[in-house]
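Asks: have a look at this prediction, sequence included:
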Amino acid sequence: MSRKIIVFDTTLRDGEQVPGAKLNLHQKIEIAQQLKRLHVDIIEAGFPASSLGDFQAVQEIARTVGDSVSITALARAVKNDIDAVYESIKLAQNPLIHIVLGTSNIHVEKKFNRSKEAVLQMGVDAVKYAKTLLPQVQYSTEDASRSDFEYLWSTIEAVVKAGATMINVPDTVGYAVPEEFGELIRKINDRMKNLNDKVILSVHCHNDLGLATANTLQAIKNGAEKVECTINGLGERAGNASLEEVVMGIKVRENYFNCHTEVNTSELLRTSRLVSHLTGLDVQVNKAITGENAFAHSSGIHQDGLLKDKRVYEIMSPEEVGVDSMELILTARSGRHAFKNAVEKMGFDTTDAADFEQLFEKFLTLADAKKEVYDHDVFYLVTSHRNLDASDKHLYELDSFQVVTNDLYPTATVKLVKGTESFKGSAVGDGPIDALYSVIKSLIGLDVQLKDYKINSLSRGKEAVGRVNIRIEYQGKTYSGRAMDTDIIKASGNAFLNGINAALLDAAQE
Ligand SMILES: CC(=O)SCCNC(=O)CCNC(=O)[C@H](O)C(C)(C)COP(=O)(O)OP(=O)(O)OC[C@H]1O[C@@H](n2cnc3c(N)ncnc32)[C@H](O)[C@@H]1OP(=O)(O)O
Ligand SMILES: CC(C)C(=O)C(=O)O
């Protein structure tokens, strides 16, 4: 009988720590609903002590999707953080408090400037306090792979005795290599079995050396029972172990690992696409499992082999991860079934019948205007209908604009509105976008620096949707903005305003 590996998804916590990946409440709920359809075991929904917005998002996820999937959120070994986690997840059926505290010398000496004994005691106290609130508590020994083994073990032993029900061993800075990390997990597993064989051993690997998936799989081979991953490998710096790679590694090589997960792998591709669209972070074309080329065969010898037998060059079938070989072209003559299939293929929820009817009406209007409606048009329809593509609150909005460009004086004229106020002006710039951004900056009177501007075409044809991603710097902090429109100048203006609105809201909260 193969061992079940528990899959813990931290896209909404570690994944969301990526600069530019900030998600609003609606986007987080949409992703959590898809993670539930993917059938992960545990969703880490955020870091509720970090802001009111994150607290509310975790609370809403616990309320809306926490009926069948376990919900957790992260806390430092600090009473207030633990309280915030408890208050935000308590409505879930199976809530879990996650506490993190460093065990490496560098964390103990430089980050905390305390003795090892004092830091260990902080961890024990935190677990004891969390246990007064909930029965399930996970303890993460941050930077475990760079820790002195005997101190790491004495921490694990003490927090297990204090009541921790899961021990998570992170390779926080992606320093470990597979053989060494496997050996670390084997040693901990051997000792833990003697201490308390009900406690679950987990791993959380980062990808700084491109080894996160390899280290995670090696840990499984050496006794880990639970893996922490993110969709598309998102996460701090170079990211985390990618869920799709770890899950398919276990599935395709079940003969080697003798393990399985309960993930519904046919939902992998749509989950990856949803996360990519909502975070604005593209998946590289050659990414394992979910990249655009993951199942594309281009050379003659490969094509010949495939035509003879797919298994010559395919170790898994595209359908197993949700690649849909049947493409239905949507037009104004398409019905509700085909449209619903397209919306669900993008990873969106369609269970609210009234909401779906409104979407369908909007689809017909778009399909009348455009001959053919592609996936990205459907994505654009849903995100604008559900307010998923903007920041939670609008301060400034683009009311109207005109941009005239030539090689002498590219000029932009803009009208902005903020509640009942309106602001009008013009500016000349080095190019049309520079002119547009200059006038917006002068109307709002904010000294922001544009750090990055990217534009992608998201669909095909004359009416293709353009997506603009920007990053701005304001008072030493970085903010991102995104917008989509068939008019790329309008998308550029709205992306810039979304970034500015985020900066203003943040400044107002400080
Ligand atoms: C490995 C990981 O990914 S851990 C998760 C990382 N994620 C995040 O940090 C995102 C959310 N973080 C935040 O919103 C903020 O950093 C907060 C709310 C947690 C804290 O904000 P602030 O109070 O302003 O503190 P700041 O972030 O500047 O510094 C961290 C403080 O927490 C302490 N700290 C760090 N880790 C821990 C821990 N695991 N347990 C207890 N204290 C800790 C630091 O020593 C420092 O304390 P000090 O002020 O006494 O030096
Ligand atoms: C919170 C812990 C698990 C973490 O993110 C890390 O150590 O990288």
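Replies: Noted; the coordinates are in hand. Bear in mind that the values here come from a model prediction, so they are computed numbers and not experimental data. Numbering: from 1, shown residues only. Ligands and ions are numbered 1, 2, ... in the order given.

Asks: the helices in the stretch 401-510 of the chain, which residues?
Replies: 432-444, 488-509 (DSSP state H, counting those that start in this stretch).

Asks: which residue lies farthest from the center of this structure?
Replies: Within the chain, residue 408 marks the point farthest from the mean C-alpha position, 43.2 Å out by CA atoms, centre = their mean.

Asks: distance of it from residue 429?
Replies: 12 Å (CB to CB, to the nearest Å). Any C-beta I mention is one placed from the backbone N, CA and C, and that applies to glycine too.

Asks: could you do residue 248 as well?
Replies: 48 Å.

Asks: and those two? which has more neighbours close in?
Replies: Using other CB atoms under 10 Å, the more surrounded residue of residue 248 and residue 429 is residue 248, with 23 against 18.

Asks: so that one, which state does it fall into?
Replies: Following DSSP: H, G, I helix; E, B strand; the rest coil, the label given to residue 248 is helix.

Asks: hmm, it is touching residue 322, no?
Replies: No. Contact between residue 248 and residue 322 fails when scored by CB atoms under 8 Å: they sit 11.2 Å apart.

Asks: mutual contacts of the two, please.
Replies: Shared contacts of residue 248 and residue 322 (CB atoms under 8 Å, 6 or more residues apart in numbering): 265, 268.

Asks: run through this structure and note the low-pLDDT ranges.
Replies: Within the chain, the stretches with pLDDT under 70 are 325-327, 389-394, 459-463, 509-510.

Asks: burial count for residue 15?
Replies: 27.

Asks: let me fix that, I meant to ask about residue 451.
Replies: Neighbours of residue 451 (other CB under 10 Å): 14.

Asks: go on, residue 215?
Replies: Applying other CB under 10 Å, we find 29 residues neighbouring residue 215.

Asks: correct me, but residue 269 touches residue 290?
Replies: Yes. The criterion here is CB under 8 Å, and residue 269 meets it with residue 290 at 5.6 Å.

Asks: so which bits of this structure are right by ligand 2?
Replies: 14, 74, 100, 140, 142, 168, 170, 172, 204, 206 (CB under 6 Å from any ligand atom).

Asks: out of those residues, which comes closest to residue 1?
Replies: Nearest to residue 1 among the residues of the chain next to ligand 2 is residue 168, at 25.1 Å by CB to CB.

Asks: residues contacting the closest one?
Replies: Going by CB under 8 Å, 6+ apart, residue 168 touches 98, 138, 139, 140, 141, 202, 203, 204, 226, 228.

Asks: before we move on, the earlier item: comparing residue 269 and residue 290, which residue is more hemmed in?
Replies: Legend: neighbour count by other CB under 10 Å for residue 269 and residue 290, higher for residue 290 (27 against 24).

Asks: domain ranges for the chain?
Replies: 3-279, 336-385, 397-509 (automatic domain parsing).

Asks: in the stretch 201-350 of the chain, what residue is nearest ligand 2?
Replies: At 4.2 Å from ligand 2, residue 204 is the closest residue in the stretch 201-350 of the chain, using CB to the nearest ligand atom.

Asks: what packs against whichever strand or helix holds that residue?
Replies: Element membership of residue 204, judged by DSSP states H and E, is strand 200-205. Contacts defined by 3 or more CB pairs under 8 Å, 6 or more residues apart in numbering; DSSP states H and E place strand 200-205 against strand 6-9, strand 166-171, helix 178-195, helix 212-221, strand 226-229.

Asks: strand partners (parallel or antiparallel) of that strand?
Replies: strand 166-171 (parallel), strand 226-229 (parallel) (DSSP bridges).

Asks: nearest to ligand 1, out of the ones you listed?
Replies: Nearest of the strands paired with strand 200-205 (CB to the nearest ligand atom): strand 166-171, 6.9 Å.

Asks: now do the strands in the stretch 201-350 of the chain.
Replies: 226-229, 259-260 (DSSP state E, counting those that start in this stretch).

Asks: partners of the shortest one in the sheet?
Replies: What it means is strand 259-260. strand 3-4 (parallel).

Asks: identify the residues contacting the strand it pairs with?
Replies: 225, 258, 259, 260, 261, 262.

Asks: out of these, which end up buried?
Replies: Buried subset of those (neighbour count, 16 or more other CB atoms under 10 Å): 225, 259, 261.

Asks: and this structure, which residues reach ligand 1?
Replies: Counting by CB under 6 Å from any ligand atom, the chain comes close to ligand 1 at 14, 17, 47, 49-50, 74, 76-78, 100-101, 111-112, 142, 172, 236.

Asks: show me what contacts the nearest residue to residue 177 once chain neighbours are set aside?
Replies: Leaving out its chain neighbours, the residue that sits closest to residue 177 by CB to CB, 6 or more residues apart in numbering is residue 211, at 6.3 Å. Residues in contact with residue 211 (CB under 8 Å, 6+ apart) are 174, 176, 177, 178, 205.

Asks: the third one against residue 208, yeah?
Replies: Same thing as residue 177. No. In this structure, residue 177 is not within contact of residue 208 by CB under 8 Å, at 11.5 Å.

Asks: neighbour count winner among these two?
Replies: Neighbour count, other CB under 10 Å: between residue 177 and residue 208, residue 208 has more, with 17 against 14.

Asks: mind checking how far that one is from residue 410?
Replies: Going from residue 208 to residue 410 by CB to CB gives 42 Å.

Asks: now do residue 350
Replies: 43 Å.

Asks: just want to know which of the two has more residues nearby.
Replies: residue 410 (20 against 16).

Asks: what's the strand holding residue 204 in contact with?
Replies: So strand 200-205 is contacted by 6, 8, 10, 14, 138, 140, 165-172, 174, 176, 181, 185, 188-189, 192, 211-213, 215-216, 219, 223-228, 240-241 (CB under 8 Å, 6+ apart).

Asks: equivalent analysis for stretch 399-411, please.
Replies: Stretch 399-411 has contacts (CB under 8 Å, 6+ apart) with 412-417, 422, 426-432, 434-436, 489-490, 493.

Asks: on that earlier part again, most tightly surrounded among the domains of the chain?
Replies: Comparing the domains of the chain by mean neighbour count (mean count of other CB atoms under 10 Å), domain 3-279 ranks first with a mean of 21.

Asks: so how far is the first residue of stretch 85-102 from its last?
Replies: 19 Å (CA to CA, to the nearest Å).

Asks: do stretch 443-457 as well
Replies: 29 Å.

Asks: run the chain-centre distance for that stretch.
Replies: Distance of stretch 443-457 from the chain centroid (CA atoms, centre = their mean, to the nearest Å) equals 23 Å.

Asks: which residues in the stretch 351-500 of the chain form strands?
Replies: 397-404, 411-418, 421-428, 449-457, 466-474, 477-485.

Asks: brain fart, the stretch 51-200 of the chain
Replies: Assigned by DSSP E, counting those that start in this stretch, the strands in the stretch 51-200 of the chain fall at 70-76, 95-102, 137-142, 166-171, 200-205.

Asks: CSV for those strands, including distance to residue 466?
Replies: Below are these laid out as CSV (distance: least, CB to CB, whole Å):
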stretch, distance to residue 466
strand 70-76, 36
strand 95-102, 39
strand 137-142, 41
strand 166-171, 39
strand 200-205, 36
